[in-house]
Every structure is written in structure tokens, then in C-alpha cells.
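Undergrad: Provide a 3D model corresponding to the input given below.
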Amino acid sequence: MRRDLFIWLFLVVAVLAVFSQVRNHDFVNYDDNAYVTDNPWVKAGLTLKGVSWAFKASHAANWHPLTWLSHMLDCQLFGLNPKGHHLTNLVFHLLNTLLLFYLLNRMTGARWRSLFVALLFALHPLHVESVVWVAERKDVLSTLFWMLTVWAYLRYVEQPGLMRYVLTILAFALGLMAKPMLVTLPFVLLLLDYWPLRRFQVGPISGSDPPITQTTPAVQKQISQGIRLAWEKAPLFTLAALSSLVTFFVQQRAGAVESMVVFPLQVRFANALVSYVKYMGKMIWPQGLAVFYPHPGNSLPEWQVVGAFLLLTFISVIVVRTAYRYPYVLVGWLWYLGTLVPAIGLVQVGEQALADRYTYVPLIGLFIIIAWGGPDLIRRWRYGPPVLATSTVIVLLAMFTSTWLQVGHWKNSIDLFEHTIRVTANNYPAHNNLGVALEQQERLQGAIAHYEEALRLKPNYVEAHNNMGHILGLQGEFQEAIAHYLHALRINPEHARTHYNLGVAAERQGKFQQALAHYEDALRFKPDYVEAHNNMGILRAKQGKFQEAIDHYLHALRINPEHARTHYNLGVAAEQQGKLQEAVAYYEQALRIKPDFVEVHNNLGNVLGQQGKFEGAISHFSRALELKPNSAETHYNMGNVLAGQGKLEKATSHFSKALELEPDFAQAYNNMGAVLSFQGKYREAIACFSQALRLKPHYAEARKNLEFVQREASRLAK
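TA: The predicted structure follows:
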């Protein structure tokens, strides 16, 4: 037992050493937004409404409520600090590693072979994606329940009983609620029954080669025993079937399941055969690993398909012929082939050919073959032990180095997709996502270049057309932007985000009716589109239809109670209606959610100023200027409040700064003129009022002030 404790400590140190750099990693813009950063239910933490949503949601084309709850708990504990989210994934991976060693060692009694499997699992570069990608929480979490299910099953096998069996079913059900890929686990339990648990046999397990003939009673007994063990797992197979059906319908409804037109059956089978071989190749030589591998479609070379088929067939024949003497070979091979079935592409979800994360559990089967087969192969060789020890050390050091480098590529979105583009060809999603990351850093020309490359590689790529339209709209090139949006809608007329962006473009051009129509289309295809409801509210408010505007804002808040801009817009609507207390309440809610919301600080300062609460107003204007020092409007508002307090010199300073930033600010000239007139500086005041009128000839207040000051100046001159 003490030796096992040292082994567990060694595994902990090894995992933390290679993955510790994730504490400095950011979220990435590939699914992390859908799972965490842009998901209002998750960002709100653990709430009753959130828990209810988790069990009802088919968001991200999956039903995995336990995964949602784990992300919610992370947000409850860490907010949107990526460090905590990454460390949670790492903890799950560490637990999976320790449990894998414990279970193999307990089932086989082969401590060092079990340790080698655990190290391969812990440190292999193919497993980096599952650990360092926050959105792949479902992978490491579901695998934890995979291990716990095997542990519960092992206890049941050792001492059968109803409660231990129920515990096995419960652990399996929880695993399915984390990720449906566990549907193959009942099949794996049958394999474990064969080896190493030895609950049934298919011919002799040890000794010489199997006899050519066997007695009929012996065969019947083996078949009967196999059927009994399969029937024993009927509840598990039933849960797996139900989970498969739910997953298929959820993914199909979300549009994630590609049609047979896009990927015909023969293409899927061909890619599946090649992928099985590619995964093995990447296991042996893990170079060129990427977050996305584009599907080759019909362009997969025939020699690869034929070669993969022949290789898999050859290996399978060898496995069957050696199964009686080396049962772990059959178990490991069928583990690998079987657990990959849900993700091998026969039911094509997404546009990837294969994915590193799909190997997280399947490679355990091949690792078992390596760990048990290596010593058996060199058992009779004189130099076997030192060669085996040296090879083991070299392999582990190579994996450690390769995995450390691979973890580094996931530091942020730019590093991730630049690496992906370097190691893959024709990777249009990588170019698109790199463009998004560059756009977020306001590196617009670089973003445009990558959007253009994505469209060159895939001219009918809806996301890239939409993103290109968005960036062109930011630059004021509305006609070109609209052309991209319309192209996107010709490909997918129900793309809600494109309708929304068309609405934004029309609104910026002052075409409010067109904007309303597009927002309505966006809501027709995505009724819970918060931003579309929010913008509909803004347009209705501009039309003076405050009740309709408020209805849209409130609808948006029912979908996402933490949407700061909607709280802000409700505050604006209340302020426009003279409901100052309501406005203050909404502005304060917006600041609770987003403390650095400049516009809210500015507006709240205005409302407090109207209520005579000058100190509170000055506090909010000061905060707004800390966040945005060059805001002419905030300097103007600060000047007004200071003038109301009689602090005329300070007020003049802020009006001057506002005019320095915005020389055509007529209201600032007018109000500065008023302050100067209070100070008896009539000449300067007259100059300010005159400038206000030059900028705004029909400015009645400025004209009235000018006439009053001119009269006062004339009176004093006499």
C-alpha cells in the first residue's frame, strides 16, 4: 500500500508538471464562448433557474446537464477568471489518471504495467485537447464517471449485491449526463469480464494454442455464460440506447448532424477507416496536432482507404489468432475500435474529419496492449529488461516534452489557430477563428486577410461571410458588408445572426424600418436572441413607442437577467419618461453586472444631478472619466454638476476639456458662456454664445443668453 501511495504521488507530480502552465491560459473563441463566456445561464452561477435550464437545454447541440452544472459551479466560484476553469479540468484529468492506475492494478495485480498505462494516459499529447480546452469539460468529467462506474462494477463483481449494482447504474447515468460518449461503457464492461476479471472464456485463456475442436457442452457453457453477463448489463445497455436517441435528436434539431448529401455513407465509411489508422499514427508519432482537421469529403485518396482497410483487417486477424494466449490484446483492440464508434464519423456531427479529444478514452485500449505486450514480447530475450526500462524512460520523456509544447499552443485563441494553420492545410475554420481573435484585438486588416482566406478555401462559408460583413460594417463600408450578409443568407436563409447584423447595418444607415424587419427575422429563427430583443427595444424607443420598447427589454431580461446593456436601455427609457427613480434602479443593476460600463456611470451621474445629489453625480462622472478620459460628453456633464454646486472654475475647466475633444460641441459653448457670465467675464461669455450660434444657428437658449449678456455688458459700460 505504501508503494502505491508513492506511485500516486509520482502521478500527481507528473501531471501537474506538464499541465501547470494552463493556469496562465485564456479562454479560446472556439466553443468556450458557447459553454461559458457568452452563456448567460452559466455566467450567472448556480441558480434554481440555471439548474432547470441545464436539464432542459439542448444548447451547443448536446444534452449534458451535469456538464452545464459543473461550468455553473466554476462561474460561481471563479467568475470569468479562466484560471479556475482550467484548473478544474486539470483536477478531473488528475483524478482520472489516479483512478485508471488504481482500477487496472486492482483488477490485474500488475502494478508497474498499470502505472505505465496511467502515465501514457496522463501525458500523451493527444489528450491535451481534452484537458486544456475549457469547453471539453464534458470529456474529463464524463471520464471521471466512466472510471467510477468501473470501480462500482468491480466492487459488484467482487461481492454481488443490489446496492452495488444500483451504484454502478447511477454512476453510469451520471456519466451519460456529462457526455453521451459513455454509451460504449457496457460493451467495455463485457470486455473486462473476459479479461482481466475472467468471468467467462472463449476457449482456453492460458496455455498452448487452442485445440482445433472443442466439446459441444463446453461451447454451450461459454455461450450461456456470455449471454448471462450481457443480460446482467441490460439496464446499462438500455440507458445507453436512450442516451444515443436523445443525443441524435438534439444534435439533429440543432443542425449539427450533417446530411447524407453533404457526407454520403461511402465517404463516412472511408473517412472512418482512415481515421482509425490516423489515430494510431498520431499515438505513435504525435506531430501536427490541431484543434480542427478539415473533412476531406470525396477527395480522400483511394490508396489510403484501401490501405487502412487492409491494415485494420490484418491487425484484427493477428488479434484473434493470439487472443487465447494473450487475452489483453483482444480486449485492448476491441476497446479501441468500440469506444471510437460514437465519434468515428458514421453519424457525422460537424465538419471535422477526426479530433484529438475523441481519443481520450479509446487510447486506453491500445495503451493496455503496449503495457502488457511489451514485457511479454521480450520475456525470453537476454537484454529484455534493460532495453524495456530504457525504452520506457525515453518514451515518457518524449511524451512529456511533446505534451508540454502542445499545451503551450492553447495559451490563447491567436496562438492556437496560428499553430493550427501551420500544421494543417485548407483549414477554413482556423482562418475564420483567427480572424475573430484578431478582430477582438482591433487588428482589423489581419482579421480581414484571414476571413478572405477562409472564403477562398470555402466560398459558401456562412460564418466567414457574416464575420466579413461585420468587420466591413465597423469600417463604415455598409454596401460591401450587406453584400456579404446577403450571400450568407442565400446559403442559409435561417441564419439568425446574419439577420441581426443586417439589422445593425440598416440601423447605422438610418433605415429603421429595414432594421426592424431584420431584427424580427432574427427573432423568428432564434426567439431567445437577447441582442435582437435589445435592439428592437432601442428602435421602438426612438419611435416613441416606449411600452413596446420596454416589452422587448423585459423579454431580453427574462432570457438573460444579467444582460447589462438591457438594464442600461431600460434606465434610458425610464429617464426619457421622467421616471428618475426607476432609471437609477436600472442603472445600478447594470453597474452591478458590469462595473466598468462607462455610459451607465455617465447617465447615472446625470440623473443624480437632476435630483440634486451632486456628490453622487460627481462620483459617477469621475469613474466614467477614469475609464474613458477623452469623453467630451462626460466632461460636459461634470461641468454642469460643478456649476450647479457653484464651483465655477472647475466647471469651466471641464467645459474647456470637452471643447478641446469636440470643437463643434455647441451645448458646451453655451454652458461655458453661462458660467463665465456668472463670473462677470462678459466678453468671454459673449464669444462662447456666439460660437454656439455659429455651430447651431437656431439654438434658442444660446441666443437668449447672448442677448441677456450683451444687455448686461452694455448696462455696465454706461
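Undergrad: beyond the helix or strand containing G616, next helix or strand please.
TA: Assigned by DSSP states H and E, G616 belongs to helix 614-627. Downstream of helix 614-627, the next assigned helix or strand under DSSP H and E is helix 632-644.
Undergrad: helices or strands next to that following helix in the packing?
TA: helix 598-610, helix 614-627, helix 648-661, helix 666-678 (3 or more CB pairs under 8 Å, 6 or more residues apart in numbering; DSSP states H and E). C-beta: built from backbone N, CA, C; applies to glycine.
Undergrad: show the pLDDT at the nearest residue to R3 once chain neighbours are set aside.
TA: Distance criterion CB to CB, 6 or more residues apart in numbering; nearest residue to R3, sequence neighbours excluded, is R111 at 7.2 Å. Predicted confidence (pLDDT) for R111: 95.
Undergrad: repeat for the one 10 residues further on
TA: pLDDT recorded at F121 is 98.
Undergrad: that one: how many residues sit nearby?
TA: 23 (other CB atoms under 10 Å).
Undergrad: ditto for G680
TA: By other CB under 10 Å, neighbour count at G680 equals 11.
Undergrad: do N606 as well
TA: 22.
Undergrad: again, but for the one 10 residues further on
TA: In terms of burial, G616 registers 17 neighbours under the definition other CB under 10 Å.
Undergrad: before we move on, what about the one 10 residues further on?
TA: For E626, the neighbour count with other CB under 10 Å is 11.
Undergrad: do you know how far it is from I315?
TA: Plainly put, E626 is 66 Å away from I315 if you go by CB to CB, to the nearest Å.
Undergrad: repeat for S391
TA: From S391 to I315 the distance is 21 Å (CB to CB).
Undergrad: more neighbours: which of these two?
TA: Per other CB under 10 Å, whichever of S391 and I315 has more neighbours is I315, with 17 against 12.
Undergrad: got a pLDDT number for the more buried one?
TA: The per-residue pLDDT of I315 was computed as 97.
Undergrad: element containing it, please.
TA: Counting by DSSP H and E, I315 is part of helix 302-322.
Undergrad: one more: L46?
TA: Judged by DSSP H and E, L46 forms part of no helix or strand.
Undergrad: quick one: contacts for it?
TA: Listed by CB atoms under 8 Å, 6 or more residues apart in numbering, the contact set of L46 reads 69, 72-73, 76.
Undergrad: tally of neighbours for A685?
TA: A685 - counted by other CB under 10 Å - has 26 other residues nearby.
Undergrad: so what's it up against?
TA: Contacts of A685 by CB under 8 Å, 6+ apart are 673-674, 676-677, 705, 709.
Undergrad: skip the chain neighbours and tell me the closest residue to W410.
TA: V132 (4.5 Å).
Undergrad: wait, the one you found sits on V22?
TA: Yes - using CB atoms under 8 Å, V132 is in contact with V22, at 5.2 Å.
Undergrad: give me the common contacts of those two.
TA: Joint contacts of V132 and V22 (CB under 8 Å, 6+ apart) are 86, 89, 407, 410.
Undergrad: helix or strand for the second one, which one?
TA: Counting by DSSP H and E, the element that carries N89 is helix 82-108.
Undergrad: please apply the same query to the last one.
TA: Element membership of W410 [criterion: DSSP H and E] is none; it lies in no helix or strand.
Undergrad: please report the distance of it from L94.
TA: W410 is 17 Å from L94, by CB to CB.
Undergrad: neighbour count for these two, which is higher?
TA: W410 (23 against 20).
Undergrad: the more buried one contacts D26, correct?
TA: No - judged on CB under 8 Å, W410 makes no contact with D26 at a distance of 9.1 Å.
Undergrad: confidence-wise, which helix or strand of the protein is lowest on average?
TA: helix 216-232 (a mean of 82; mean pLDDT, DSSP states H and E).
Undergrad: now it, how far from the centre of its chain.
TA: 46 Å (CA atoms, centre = their mean, to the nearest Å).
Undergrad: so for the next helix or strand after that helix, mean pLDDT?
TA: Per DSSP H and E, the first helix or strand lying C-terminal to helix 216-232 is helix 234-253. Regarding helix 234-253, the rounded mean pLDDT is 88.
Undergrad: format the CA atom coordinates belonging to the strand or helix carrying T420 as CSV.
TA: Assigned by DSSP H and E, T420 falls within helix 413-423. This file holds the C-alpha atoms of helix 413-423, laid out as CSV (Å, rounded to 0.1, in the frame of the first residue of the first chain):
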residue,chain,number,x,y,z
SER,A,413,-7.0,31.9,-29.5
ILE,A,414,-4.3,33.6,-31.6
ASP,A,415,-1.6,31.1,-30.6
LEU,A,416,-4.0,28.2,-31.0
PHE,A,417,-5.2,29.0,-34.5
GLU,A,418,-1.8,30.2,-35.8
HIS,A,419,-0.4,26.8,-34.8
THR,A,420,-3.4,25.0,-36.4
ILE,A,421,-2.9,26.8,-39.7
ARG,A,422,0.8,25.9,-39.6
VAL,A,423,0.3,22.2,-39.2
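Undergrad: need the next SSE after it, C-terminal direction.
TA: Next element after helix 413-423 (DSSP H and E): helix 428-440.
Undergrad: hang on, the earlier thing: what sits against the residue nearest to R3?
TA: 3-4, 7, 105.
Undergrad: that older thread, which residues touch the helix holding I315?
TA: Contact with helix 302-322 is made by 270, 273-274, 276-277, 329-330, 333, as judged by CB under 8 Å, 6+ apart.
Undergrad: which residues sit against stretch 376-396?
TA: 116, 119, 123, 326, 374-375.
Undergrad: ranges for the helices of the stretch 51-200 of the chain?
TA: 65-78, 82-108, 111-123, 128-132, 137-158, 162-176, 185-194 (DSSP state H, counting those that start in this stretch).
Undergrad: if you could redo that for the stretch 401-550 of the chain, that was the one I meant.
TA: According to DSSP H, counting those that start in this stretch, the helices that the stretch 401-550 of the chain contains are 413-423, 428-440, 444-457, 462-474, 478-491, 496-508, 512-525, 530-542, 546-559.
Undergrad: nearest to E633, of the ones you listed?
TA: helix 530-542 (18.1 Å; CB to CB).
Undergrad: which other helices and strands contact that closest one?
TA: helix 496-508, helix 512-525, helix 546-559, helix 564-576.
Undergrad: and the helix holding G616, what's buried?
TA: Buried residues in helix 614-627, counted by 16 or more other CB atoms under 10 Å: 614, 616-618, 620-621, 623-625.
Undergrad: shaky segments in the stretch 601-718 of the chain?
TA: 717-718 (pLDDT under 70).
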